[in-house]
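1. sharing a sequence plus its predicted fold:
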Amino acid sequence: MTDTGMIQRVFAGWAVGGPNGPTRRLWMGTKGVLVMAMVCLSALSGCTLHKTPLPSTWLCYYGSQWGPDVYGQFDLVVLDGIHPPPLPDKKTKAGTPILLGYVSLGEIGDYSPWWQEAKQCACIVGYNDQWQSHVVDVRNPCWQDLFLHKMVPAVLSKGFDGLFVDTIDSSLALLQGDDPERFQGTDRAVLQIMARLRQEHPRAFIAVNRGLPLLARMASMIDGVVAEDLYSYYAGPEKGYTRVPREWQNQMLRWIAEARRVNPGLLVLTLDYADEDQPELIQEAIRFSKKRGFIPYVGPILLDKIYFHTLR
(Lines give C-alpha, C1' and ligand atoms only; values in the text may rest on other atoms or scores of the structure.)
Protein backbone atom coordinates (compact mmCIF):
# COMPACT_ATOMS: atom_id res chain seq x y z
CA MET A 1 0.00 0.00 0.00
CA THR A 2 1.02 3.56 -0.60
CA ASP A 3 2.61 6.08 1.74
CA THR A 4 1.70 9.45 0.17
CA GLY A 5 4.78 11.20 1.54
CA MET A 6 6.96 8.42 0.22
CA ILE A 7 5.43 8.79 -3.24
CA GLN A 8 6.20 12.50 -3.19
CA ARG A 9 9.84 11.79 -2.36
CA VAL A 10 10.14 9.17 -5.07
CA PHE A 11 8.54 11.38 -7.71
CA ALA A 12 10.55 14.43 -6.70
CA GLY A 13 13.80 12.56 -7.12
CA TRP A 14 13.04 10.33 -10.10
CA ALA A 15 10.82 12.41 -12.35
CA VAL A 16 13.68 14.80 -13.04
CA GLY A 17 16.34 12.25 -13.85
CA GLY A 18 13.94 9.88 -15.58
CA PRO A 19 14.86 6.42 -16.76
CA ASN A 20 18.10 7.68 -18.27
CA GLY A 21 19.04 9.81 -15.29
CA PRO A 22 21.54 9.29 -12.48
CA THR A 23 20.06 6.00 -11.31
CA ARG A 24 20.92 4.31 -14.59
CA ARG A 25 24.51 5.41 -14.15
CA LEU A 26 24.49 4.18 -10.55
CA TRP A 27 23.09 0.84 -11.63
CA MET A 28 25.54 -0.05 -14.36
CA GLY A 29 29.01 -1.33 -13.66
CA THR A 30 30.30 -4.80 -12.89
CA LYS A 31 27.31 -5.82 -10.79
CA GLY A 32 24.99 -4.10 -13.23
CA VAL A 33 26.28 -6.30 -16.02
CA LEU A 34 25.58 -9.34 -13.84
CA VAL A 35 22.00 -8.20 -13.32
CA MET A 36 21.56 -7.61 -17.04
CA ALA A 37 22.79 -11.11 -17.75
CA MET A 38 20.30 -12.51 -15.26
CA VAL A 39 17.53 -10.47 -16.85
CA CYS A 40 18.36 -11.97 -20.24
CA LEU A 41 18.23 -15.45 -18.73
CA SER A 42 14.91 -14.69 -17.10
CA ALA A 43 13.46 -13.56 -20.40
CA LEU A 44 14.33 -16.96 -21.84
CA SER A 45 12.65 -18.71 -18.92
CA GLY A 46 9.19 -17.93 -20.28
CA CYS A 47 8.31 -14.86 -18.25
CA THR A 48 4.88 -13.50 -19.30
CA LEU A 49 4.38 -16.65 -21.42
CA HIS A 50 2.05 -18.44 -19.02
CA LYS A 51 -0.51 -20.64 -20.71
CA THR A 52 -3.27 -19.31 -18.46
CA PRO A 53 -5.51 -16.89 -20.41
CA LEU A 54 -4.88 -13.25 -19.61
CA PRO A 55 -7.21 -11.95 -16.91
CA SER A 56 -9.78 -9.29 -17.68
CA THR A 57 -10.63 -8.51 -14.04
CA TRP A 58 -8.62 -8.49 -10.85
CA LEU A 59 -8.98 -7.92 -7.12
CA CYS A 60 -6.70 -6.95 -4.24
CA TYR A 61 -8.25 -8.14 -0.98
CA TYR A 62 -6.54 -8.35 2.41
CA GLY A 63 -9.64 -9.20 4.41
CA SER A 64 -10.74 -12.60 5.65
CA GLN A 65 -14.54 -12.37 5.52
CA TRP A 66 -15.00 -13.57 1.95
CA GLY A 67 -13.87 -16.89 0.52
CA PRO A 68 -13.37 -18.23 -3.01
CA ASP A 69 -17.09 -18.28 -3.75
CA VAL A 70 -16.96 -14.47 -3.65
CA TYR A 71 -13.42 -13.41 -4.59
CA GLY A 72 -13.29 -16.18 -7.19
CA GLN A 73 -15.54 -14.08 -9.42
CA PHE A 74 -12.40 -12.15 -10.39
CA ASP A 75 -9.84 -13.58 -12.82
CA LEU A 76 -6.76 -12.63 -10.78
CA VAL A 77 -6.75 -12.15 -7.01
CA VAL A 78 -4.11 -10.82 -4.62
CA LEU A 79 -4.51 -12.06 -1.04
CA ASP A 80 -2.60 -11.82 2.22
CA GLY A 81 0.35 -14.16 1.79
CA ILE A 82 0.53 -15.20 5.46
CA HIS A 83 -3.09 -15.38 6.62
CA PRO A 84 -5.20 -15.65 3.48
CA PRO A 85 -8.85 -16.66 3.46
CA PRO A 86 -9.44 -20.22 2.25
CA LEU A 87 -8.06 -20.88 -1.22
CA PRO A 88 -10.26 -22.66 -3.79
CA ASP A 89 -9.98 -26.43 -4.07
CA LYS A 90 -9.90 -26.17 -7.84
CA LYS A 91 -9.90 -23.58 -10.60
CA THR A 92 -12.35 -22.98 -13.40
CA LYS A 93 -11.77 -24.47 -16.84
CA ALA A 94 -10.22 -21.14 -17.80
CA GLY A 95 -7.64 -21.53 -15.02
CA THR A 96 -9.02 -18.78 -12.83
CA PRO A 97 -8.68 -17.30 -10.38
CA ILE A 98 -4.94 -16.74 -10.64
CA LEU A 99 -3.90 -16.41 -6.99
CA LEU A 100 -1.03 -14.18 -5.88
CA GLY A 101 0.24 -14.02 -2.32
CA TYR A 102 1.37 -10.73 -0.85
CA VAL A 103 5.02 -10.41 0.17
CA SER A 104 6.85 -7.26 1.25
CA LEU A 105 10.35 -6.60 -0.06
CA GLY A 106 11.15 -3.18 1.39
CA GLU A 107 9.36 -3.25 4.75
CA ILE A 108 8.51 -5.61 7.57
CA GLY A 109 6.13 -5.23 10.50
CA ASP A 110 6.79 -6.39 14.04
CA TYR A 111 3.69 -8.57 13.61
CA SER A 112 5.45 -10.57 10.89
CA PRO A 113 6.48 -14.15 11.68
CA TRP A 114 9.94 -13.18 10.40
CA TRP A 115 10.31 -10.05 12.53
CA GLN A 116 12.78 -11.53 15.00
CA GLU A 117 14.96 -12.87 12.21
CA ALA A 118 14.85 -9.51 10.45
CA LYS A 119 16.03 -7.78 13.62
CA GLN A 120 18.91 -10.22 13.86
CA CYS A 121 19.86 -9.27 10.29
CA ALA A 122 20.44 -5.67 11.48
CA CYS A 123 18.70 -4.44 8.34
CA ILE A 124 16.16 -2.00 9.80
CA VAL A 125 16.85 1.56 8.63
CA GLY A 126 13.57 3.44 9.02
CA TYR A 127 9.93 3.43 10.04
CA ASN A 128 6.73 3.94 8.05
CA ASP A 129 4.32 5.75 10.38
CA GLN A 130 1.38 5.33 8.03
CA TRP A 131 1.45 1.53 8.11
CA GLN A 132 3.42 0.95 11.35
CA SER A 133 6.10 -1.05 9.61
CA HIS A 134 9.88 -0.92 9.45
CA VAL A 135 11.86 -0.02 6.34
CA VAL A 136 14.68 -2.45 5.59
CA ASP A 137 17.96 -2.10 3.74
CA VAL A 138 17.48 -4.47 0.81
CA ARG A 139 21.24 -4.47 0.18
CA ASN A 140 21.68 -6.48 3.38
CA PRO A 141 22.64 -10.08 2.41
CA CYS A 142 20.93 -11.51 5.49
CA TRP A 143 17.66 -9.80 4.55
CA GLN A 144 17.96 -10.98 0.97
CA ASP A 145 18.37 -14.55 2.14
CA LEU A 146 15.43 -14.22 4.54
CA PHE A 147 13.22 -12.78 1.82
CA LEU A 148 14.18 -15.19 -0.96
CA HIS A 149 14.56 -18.42 0.97
CA LYS A 150 12.08 -18.17 3.84
CA MET A 151 9.42 -15.54 3.20
CA VAL A 152 8.81 -16.29 -0.47
CA PRO A 153 8.75 -20.11 -0.12
CA ALA A 154 6.39 -19.82 2.85
CA VAL A 155 3.90 -17.84 0.77
CA LEU A 156 4.14 -20.09 -2.28
CA SER A 157 3.74 -23.21 -0.13
CA LYS A 158 0.19 -22.15 0.73
CA GLY A 159 -0.91 -22.88 -2.83
CA PHE A 160 -0.54 -19.53 -4.57
CA ASP A 161 0.23 -19.34 -8.28
CA GLY A 162 2.67 -16.54 -7.70
CA LEU A 163 3.63 -13.45 -5.77
CA PHE A 164 2.62 -9.84 -5.36
CA VAL A 165 5.82 -8.02 -4.36
CA ASP A 166 5.12 -4.80 -2.47
CA THR A 167 7.03 -1.88 -0.88
CA ILE A 168 9.68 -1.49 -3.56
CA ASP A 169 8.91 2.23 -3.34
CA SER A 170 10.01 2.18 0.29
CA SER A 171 13.46 1.14 -0.87
CA LEU A 172 13.59 3.72 -3.66
CA ALA A 173 12.54 6.48 -1.25
CA LEU A 174 15.79 5.94 0.67
CA LEU A 175 17.64 7.26 -2.38
CA GLN A 176 15.63 10.49 -2.15
CA GLY A 177 15.80 10.91 1.62
CA ASP A 178 18.13 12.82 3.92
CA ASP A 179 21.17 10.63 3.27
CA PRO A 180 21.05 9.23 -0.29
CA GLU A 181 24.78 8.49 -0.33
CA ARG A 182 24.32 6.09 2.56
CA PHE A 183 21.88 4.03 0.50
CA GLN A 184 23.62 4.18 -2.84
CA GLY A 185 23.14 0.91 -4.69
CA THR A 186 19.66 0.24 -3.29
CA ASP A 187 18.15 0.33 -6.78
CA ARG A 188 20.72 -2.17 -7.98
CA ALA A 189 19.92 -4.46 -5.04
CA VAL A 190 16.21 -4.41 -5.88
CA LEU A 191 16.96 -5.47 -9.44
CA GLN A 192 19.29 -8.23 -8.31
CA ILE A 193 16.68 -9.58 -5.88
CA MET A 194 13.99 -9.57 -8.55
CA ALA A 195 16.32 -11.31 -10.99
CA ARG A 196 17.07 -14.02 -8.42
CA LEU A 197 13.37 -14.34 -7.63
CA ARG A 198 12.58 -15.02 -11.27
CA GLN A 199 15.52 -17.37 -11.66
CA GLU A 200 14.52 -19.41 -8.60
CA HIS A 201 10.79 -19.46 -9.45
CA PRO A 202 10.59 -19.52 -13.26
CA ARG A 203 6.98 -20.77 -13.32
CA ALA A 204 5.57 -18.39 -10.72
CA PHE A 205 3.39 -15.48 -11.76
CA ILE A 206 5.25 -12.44 -10.42
CA ALA A 207 3.68 -9.00 -10.14
CA VAL A 208 5.15 -5.95 -8.46
CA ASN A 209 3.42 -3.02 -6.85
CA ARG A 210 4.75 0.19 -8.36
CA GLY A 211 8.56 0.49 -8.30
CA LEU A 212 7.91 2.39 -11.50
CA PRO A 213 11.28 4.17 -11.80
CA LEU A 214 12.83 0.70 -12.14
CA LEU A 215 9.99 -0.89 -14.08
CA ALA A 216 11.63 -0.89 -17.51
CA ARG A 217 14.62 -2.67 -16.02
CA MET A 218 12.41 -5.19 -14.22
CA ALA A 219 10.04 -5.71 -17.12
CA SER A 220 11.71 -8.87 -18.43
CA MET A 221 11.69 -10.44 -14.97
CA ILE A 222 8.01 -10.04 -14.14
CA ASP A 223 4.56 -10.88 -15.47
CA GLY A 224 2.68 -7.86 -14.25
CA VAL A 225 2.78 -4.52 -12.49
CA VAL A 226 0.22 -2.82 -10.30
CA ALA A 227 0.03 0.90 -10.99
CA GLU A 228 -1.31 1.97 -7.61
CA ASP A 229 -2.86 5.45 -7.35
CA LEU A 230 -2.94 5.98 -11.10
CA TYR A 231 -6.20 7.95 -11.06
CA SER A 232 -7.42 8.35 -7.47
CA TYR A 233 -5.80 7.96 -4.06
CA TYR A 234 -6.39 8.40 -0.35
CA ALA A 235 -5.06 11.83 0.66
CA GLY A 236 -5.62 11.46 4.41
CA PRO A 237 -8.55 11.86 6.79
CA GLU A 238 -9.16 15.52 5.94
CA LYS A 239 -9.12 15.34 2.13
CA GLY A 240 -10.25 11.75 1.80
CA TYR A 241 -10.22 10.12 -1.63
CA THR A 242 -9.32 12.43 -4.48
CA ARG A 243 -7.84 12.54 -7.97
CA VAL A 244 -4.12 12.07 -8.49
CA PRO A 245 -2.20 15.19 -9.61
CA ARG A 246 -1.80 15.19 -13.37
CA GLU A 247 2.01 15.42 -13.25
CA TRP A 248 2.22 12.23 -11.13
CA GLN A 249 -0.16 10.49 -13.46
CA ASN A 250 1.69 11.47 -16.62
CA GLN A 251 5.03 10.34 -15.19
CA MET A 252 3.56 6.99 -14.20
CA LEU A 253 2.19 6.51 -17.70
CA ARG A 254 5.60 7.30 -19.20
CA TRP A 255 7.30 4.70 -17.00
CA ILE A 256 4.67 2.10 -17.91
CA ALA A 257 5.04 2.85 -21.62
CA GLU A 258 8.81 2.45 -21.42
CA ALA A 259 8.42 -0.89 -19.63
CA ARG A 260 5.98 -2.16 -22.25
CA ARG A 261 8.48 -1.37 -24.96
CA VAL A 262 10.85 -3.74 -23.17
CA ASN A 263 8.17 -6.35 -22.47
CA PRO A 264 5.08 -5.88 -24.68
CA GLY A 265 3.33 -8.69 -22.81
CA LEU A 266 3.59 -6.96 -19.43
CA LEU A 267 0.22 -7.07 -17.69
CA VAL A 268 -0.74 -3.66 -16.28
CA LEU A 269 -3.18 -3.74 -13.37
CA THR A 270 -4.36 -0.48 -11.83
CA LEU A 271 -5.31 0.00 -8.20
CA ASP A 272 -7.22 3.16 -7.36
CA TYR A 273 -8.93 4.13 -4.14
CA ALA A 274 -12.37 5.57 -3.51
CA ASP A 275 -15.24 5.40 -1.06
CA GLU A 276 -18.32 3.40 -1.93
CA ASP A 277 -20.37 6.60 -1.94
CA GLN A 278 -18.17 8.10 -4.70
CA PRO A 279 -19.61 6.30 -7.75
CA GLU A 280 -18.49 9.01 -10.18
CA LEU A 281 -14.87 8.83 -9.02
CA ILE A 282 -14.96 5.03 -9.20
CA GLN A 283 -16.30 5.01 -12.74
CA GLU A 284 -13.84 7.70 -13.85
CA ALA A 285 -10.94 5.58 -12.58
CA ILE A 286 -12.27 2.46 -14.30
CA ARG A 287 -12.78 4.23 -17.62
CA PHE A 288 -9.35 5.85 -17.45
CA SER A 289 -7.63 2.47 -17.11
CA LYS A 290 -9.74 0.59 -19.62
CA LYS A 291 -9.19 3.29 -22.23
CA ARG A 292 -5.45 2.59 -22.01
CA GLY A 293 -5.74 -1.18 -22.11
CA PHE A 294 -5.11 -1.61 -18.37
CA ILE A 295 -7.09 -3.84 -15.99
CA PRO A 296 -8.67 -1.74 -13.23
CA TYR A 297 -9.69 -2.34 -9.65
CA VAL A 298 -11.01 0.30 -7.26
CA GLY A 299 -11.32 -0.34 -3.54
CA PRO A 300 -11.02 1.18 -0.05
CA ILE A 301 -7.61 2.16 1.26
CA LEU A 302 -7.38 -0.81 3.65
CA LEU A 303 -8.47 -3.24 0.93
CA ASP A 304 -10.50 -5.08 3.54
CA LYS A 305 -13.72 -4.93 1.52
CA ILE A 306 -14.52 -6.06 -2.01
CA TYR A 307 -15.91 -3.63 -4.57
CA PHE A 308 -17.62 -5.27 -7.55
CA HIS A 309 -17.81 -2.28 -9.91
CA THR A 310 -15.31 -3.76 -12.38
CA LEU A 311 -17.44 -6.89 -12.79
CA ARG A 312 -20.44 -4.92 -14.05
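-> Perfect, I can see it now.
2. wait, Gly95 touches Leu54, no?
-> No - checked against C-beta atoms under 8 Å, the pair Gly95 and Leu54 is beyond contact range at 10.5 Å. C-betas here are computed from N, CA, C, even on glycine.
3. give me the neighbour count for Gly240.
-> Gly240: 13 surrounding residues under other C-beta atoms under 10 Å.
4. how about the longest helix seen in the chain: buried residues?
-> Identified as the longest helix of the chain according to DSSP state H is helix 246-262. Of the residues in helix 246-262, Trp248, Gln249, Gln251, Met252, Trp255, Ile256, Glu258, Ala259, Arg260 count as buried by neighbour count, 16 or more other C-beta atoms under 10 Å.
5. just stretch 290-299 next, same as before
-> Residues Phe294, Ile295, Pro296, Tyr297, Val298, Gly299 are the ones in stretch 290-299 that count as buried (16+ other C-beta under 10 Å).
6. would you list those in a markdown table and tack on secondary structure?
-> Converted to a markdown table, the buried residues of stretch 290-299 look like this (DSSP: H, G, I helix; E, B strand; the rest coil):
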| residue | secondary structure |
| --- | --- |
| Phe294 | coil |
| Ile295 | strand |
| Pro296 | strand |
| Tyr297 | strand |
| Val298 | strand |
| Gly299 | strand |
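7. same list, those residues, but as JSON lines with distance to Tyr233 please.
-> Formatted as JSON lines, the buried residues of stretch 290-299 follow (distance: C-beta to C-beta, whole Å):
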{"residue": "Phe294", "distance to Tyr233": "16"}
{"residue": "Ile295", "distance to Tyr233": "18"}
{"residue": "Pro296", "distance to Tyr233": "14"}
{"residue": "Tyr297", "distance to Tyr233": "14"}
{"residue": "Val298", "distance to Tyr233": "11"}
{"residue": "Gly299", "distance to Tyr233": "12"}
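8. mind listing what the residue nearest the centre of the chain touches?
-> The chain has Asn209 as the residue nearest its centroid, 1.4 Å off, counting by C-alpha atoms, centre = their mean. Remark: with contacts taken as C-beta atoms under 8 Å, 6 or more residues apart in numbering, Asn209 is in contact with Phe164, Val165, Asp166, Thr167, Ile168, Asp169, Val225, Val226, Glu228, Leu271.
9. tell me the confidence at the third one?
-> Translated: Asp166. Asp166 carries a pLDDT value of 99.
10. dihedrals phi and psi, it?
-> Dihedral angles of Asp166 (phi, psi; degrees, to the nearest 10) stand at phi -110, psi 170.
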